[in-house]
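>>> structure for the following, please:
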Amino acid sequence: MKLAGWIQTYTGKKFWPLDPRPEDVDIVDIAHALAMQCRFGGHCLRFYANAEHSVYVSHHCGADALAGLLHDGSEAYLLDMLSPIKAYMPDYKAAEKRCQAVVYRRFGLSEVTPESVKLADRRLLKTERMQIMAPSAEPWVIDAEEPLPIQIGGWSPSTAKVAFLDRFEQLQRAA
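Predicted coordinates for the structure are as follows:
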């Protein structure tokens, strides 16, 4: 028996966010949902899709590029909760960890996010702070990180979705 309820995904599938299975994970659902979600809860200077963020991460973590592309895959099913809130939601964090492990497993990856992906994600966060967030004198935990040498595009949802799927196909062909 499945825990809790299910959601209908973009492709029309049933997905149980609290009891996920690899066979229910679909790359098109992930690409579409992440392309429709704005980073930082929408508090950036312009629209910036989670899918665009994931594409950038995938280009800066070497051999772990597929894990980089999929590192926020659970957010396609659970949404992108803001970090200061997530820190006080242990049940959500546990559900996110389970769902992310299932996303990785679906695509033949280790269930643990590689350190190279975590570093690229932190460096990109520093880049995002500099390029798409309002200036603030308040420190961020990533202020000591070296930013990535990129210019954030601010792609539309449709462009972000296509770029995400193109990057996925590129990585699949290279495997």
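
>>> contact partners of the helix or strand of the chain with the lowest mean pLDDT?
One helix or strand of the chain scores below all others by mean pLDDT, DSSP states H and E: helix 83-86, with a mean of 92. Contact with helix 83-86 is made by 92, 93, 96, as judged by C-beta atoms under 8 Å, 6 or more residues apart in numbering. Glycine gets a C-beta too; all of them are placed from N, C-alpha and C.

>>> which element, helix or strand, includes the second one?
Spelled out, that is residue 93. helix 90-106 (DSSP states H and E).

>>> in that helix, what counts as buried?
Judged by neighbour count using 16 or more other C-beta atoms under 10 Å, the buried positions of helix 90-106 are 95, 96, 98, 99, 100, 101, 102, 103, 104, 106.

>>> could you pull out the helices for this protein?
Using DSSP state H, the helices assigned to the chain run over residues 27-36, 50-58, 65-70, 75-78, 83-86, 90-106, 115-132, 157-174.

>>> which strands and helices lie in contact with the third one?
Here helix 65-70 touches helix 50-58, helix 90-106, helix 115-132, helix 157-174, going by 3 or more C-beta pairs under 8 Å, 6 or more residues apart in numbering; DSSP states H and E.

>>> pull out the buried residues from it.
65, 66, 67, 68, 69, 70.

>>> chain center to the least confident helix or strand of the chain: distance?
Relative to its chain's centre, helix 83-86 lies at 15 Å (C-alpha atoms, centre = their mean, to the nearest Å).
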